[in-house]
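Peer 1: generate a structure from the sequence data that follows.
(chains A and B, ligands or ions: 3)
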Amino acid sequence: MSTQQQEPEPQEPESQESPEDPEMKGAESPQNQRLKEKEQGLAQEETVDESDLEGETVHIKVFRYDPEVEGKQEPRFDDFYVPFEKGMTVLDAVMYARDEYDSSLTFRHSCRQAVCGSDAFFVNGKQQLGCKTQISDLEQPIRIEPLPHQEVVKDLVVDMDHFYDQMHAVEPYFQQEDLPDGDLEEQRQSRENREKVKMSTRCIWCAACMSSCNIAAGDNDYLGPAAINKAYRFAMDEREDEEIKEHRLRIVEQEHGVWRCQTQFSCTEVCPKDIPLTEHIQELKREAVKKNLKFW
Amino acid sequence: MSQSYNRGLIEDFGRWKEFSAGMWAWIFHKFTGWMLIGYLFTHIAVLSTAIGAAAGDPTLIQQETDVYTTTIQGLESLFIVRVLEVGLLAVAVFHILNGLRLLMVDLGIGLSAQDKSFYASLVLTGVITVASVPTFMHGVGF
Ligand code: HEM
Ligand code: SF4
Ligand code: FES
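Peer 2: Ligands and ions are numbered 1, 2, ... in the order given. The predicted structure is shown next:
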């Protein structure tokens, strides 16, 4: 097995020279830090796992449930053995199982590159995007279940209506009507401000965060991390007037808003787009306090 | 969607195995907070019933045979009470350390190290608890 070493992949990231400017090195930027961690992780994984799995089959256990077929109304797990290929993701594996073994196996997917947000599953006990999760990183048998705390419609398909309702509840659209002074026809954003909201704009509405949250599980009215992050994205956008920001803060500071968050960090840990959700929720809490306590 | 399958409580109870650092920190903080409240009220109840000494005979107090002193001495001679005292210290220390961690989290400081600070709270609690054993167990087997 270990004879297949045609892959000249030394630990590139470390040996690269870093530029002089600390800004360029990305020393402070959390995103760059995460990227670096990820790269290092990937380099390690590739050297460790690949050769072990080449030419083997992968054992997956997939949650099955179908309310329309008698005999499938009782949930069960089906075992599939899928031939491994280099770079295979969880989504690839279930697609293979569907195409080759059981065409009734149902799940959502579209882009296969972590931008559409339709294939968040509960994989080996963690909310992950099927298309972004490498088989070689997982312990077998791989348990693939629908997202917890959402109702299952069929197999891996969950009802997303409630999640979308919460997203819409924070009015996730730009509300500034007036154009800035001068003859500009555009509402331009400063680079600094863009940087501030950058991470929060990356949400793909996959609901992994909501599904991981203990508080959301216990309180169905809780807005949830994704919706609060959405509110953050607009509340922190300087192009909107102060009144609009206050309106947004009123939405998130209500009974089932930011104050429900108990800083368990589960959302931040599962978010496939690396959005620092807890950080954003905490910042909105402080903004809400500042709005209400005007000693200055 | 009335047909869809609701996985209900069984799923929720099984989930503790999948908890991560921040979730454990939350559970432990709730637990220790309420343990401290429980202790506080027990403490008030015991001491206020033993306080008879306040109106008591000064000579009894001098001889250390008044209600208050004998109650405390009686309690402190029990092995189980000493063990509970070590437990109380552990609970209080964890609550304070993790409480400081939560205050930092509320201020948005060091959020990326939140799991490490939780583990640090646990380890420090363990160390302080072990170090306290000789003091608390003095005279009952130590
Ligand atoms: C230096 C000492 C202490 C610190 C730094 C501290 C800090 C904290 C913090 C930060 C919270 C969590 C608030 C949140 O949910 O974000 C909390 C909760 C709590 N604390 Fe303390 N605390 C201390 C002492 C005590 C004492 C002495 C008691 C009991 C008499 C106590 C009882 C509680 C209770 C009952 C909770 C609520 C637990 C829950 O969430 O259900 N704490 N504490
Ligand atoms: S915040 Fe992250 S986990 Fe939550 S819906 Fe958006 S992309 Fe998914
Ligand atoms: S298929 Fe689009 S996010 Fe995975």
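Peer 1: for stretch B:105-113, buried residues please.
Peer 2: By neighbour count on 16 or more other C-beta atoms under 10 Å in any protein chain shown, the buried set for stretch B:105-113 is B:Val105, B:Leu111. In short, each C-beta sits where N, CA and C put it, glycine included.
Peer 1: ok, the nearest residue to B:Ala90 once chain neighbours are set aside - contacts?
Peer 2: If the residues on either side of it in the chain are set aside, B:Ala90 comes closest to B:Thr129, at 4.3 Å by C-beta to C-beta, 6 or more residues apart in numbering or on different chains. For B:Thr129, the set of contacting residues under the criterion of C-beta atoms under 8 Å, 6 or more residues apart in numbering or on different chains consists of B:Val86, B:Leu89, B:Ala90, B:Val93.
Peer 1: now, among the residues you listed, which is nearest to ligand 2?
Peer 2: B:Val93 (34.9 Å; C-beta to the nearest ligand atom).
Peer 1: just checking, the residue nearest to B:Ala90 is part of a helix?
Peer 2: Yes: inclusion of B:Thr129 in a helix is indicated when DSSP: H, G, I helix; E, B strand; the rest coil is applied.
Peer 1: roughly how far does A:Glu279 sit from B:Gly110?
Peer 2: As defined by C-beta to C-beta, to the nearest Å, A:Glu279 lies at a distance of 11 Å from B:Gly110.
Peer 1: need the pLDDT of the residue nearest to A:Arg76 when sequence neighbours are not counted.
Peer 2: Closest residue to A:Arg76 apart from its sequence neighbours, by C-beta to C-beta, 6+ apart: A:Arg64 at 5.4 Å. Per-residue confidence for A:Arg64 comes out at a pLDDT of 94.
Peer 1: out of the contacts of B:Thr129, which one sits closest to A:Glu70?
Peer 2: Proximity of the contacts of B:Thr129 to A:Glu70, judged by C-beta to C-beta, is greatest for B:Ala90, which lies at 55.0 Å.
Peer 1: report whether the helix or strand that that closest one is a member of contacts ligand 1.
Peer 2: Under DSSP states H and E, the secondary-structure element containing B:Ala90 is helix B:79-107. Yes: if you take C-beta under 6 Å from any ligand atom as the test, helix B:79-107 does meet ligand 1, through B:His95, B:Ile96, B:Gly99, B:Leu100, B:Leu102, B:Leu103.
Peer 1: how far away is the second one from B:Leu103?
Peer 2: Here the distance between B:Ile96 and B:Leu103 works out to 11 Å (C-beta to C-beta).
Peer 1: so for these two, which residue has more residues nearby?
Peer 2: Shown here are B:Ile96 and B:Leu103; by other C-beta atoms under 10 Å in any protein chain shown, B:Ile96 has more neighbours (14 against 10).
Peer 1: tell me the average confidence for the stretch of helix or strand A:Arg194 belongs to?
Peer 2: For A:Arg194, the host element (DSSP H and E) is helix A:191-198. Taken as a whole, helix A:191-198 has an average pLDDT of 96.
Peer 1: quick one: name whatever helix or strand follows it.
Peer 2: Scanning forward in sequence from helix A:191-198 by DSSP H and E, the next helix or strand is helix A:208-212.
Peer 1: what packs against that next one?
Peer 2: Contacting helix A:208-212 under the criterion 3 or more C-beta pairs under 8 Å, 6 or more residues apart in numbering or on different chains; DSSP states H and E are the following elements: strand A:120-123, strand A:126-129, helix A:225-235, helix A:266-270.
Peer 1: how about these in a markdown table, adding mean pLDDT and distance to ligand 2?
Peer 2: A markdown table is the format used below for the helices and strands packed on helix A:208-212 (pLDDT from 0 to 100; distance: least, C-beta to the nearest ligand atom, whole Å):
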| stretch | mean pLDDT | distance to ligand 2 |
| --- | --- | --- |
| strand A:120-123 | 96 | 7 |
| strand A:126-129 | 95 | 7 |
| helix A:225-235 | 97 | 4 |
| helix A:266-270 | 95 | 6 |
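Peer 1: make CSV out of the ones you listed and add mean neighbour count.
Peer 2: As requested, the helices and strands packed on helix A:208-212 are arranged in CSV below (neighbours: other C-beta atoms under 10 Å in any protein chain shown):
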stretch, mean neighbour count
strand A:120-123, 26
strand A:126-129, 24
helix A:225-235, 27
helix A:266-270, 25
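Peer 1: tell me which of the ones you listed sits nearest to ligand 3.
Peer 2: That would be strand A:126-129 among those, by C-beta to the nearest ligand atom, at 4.8 Å.
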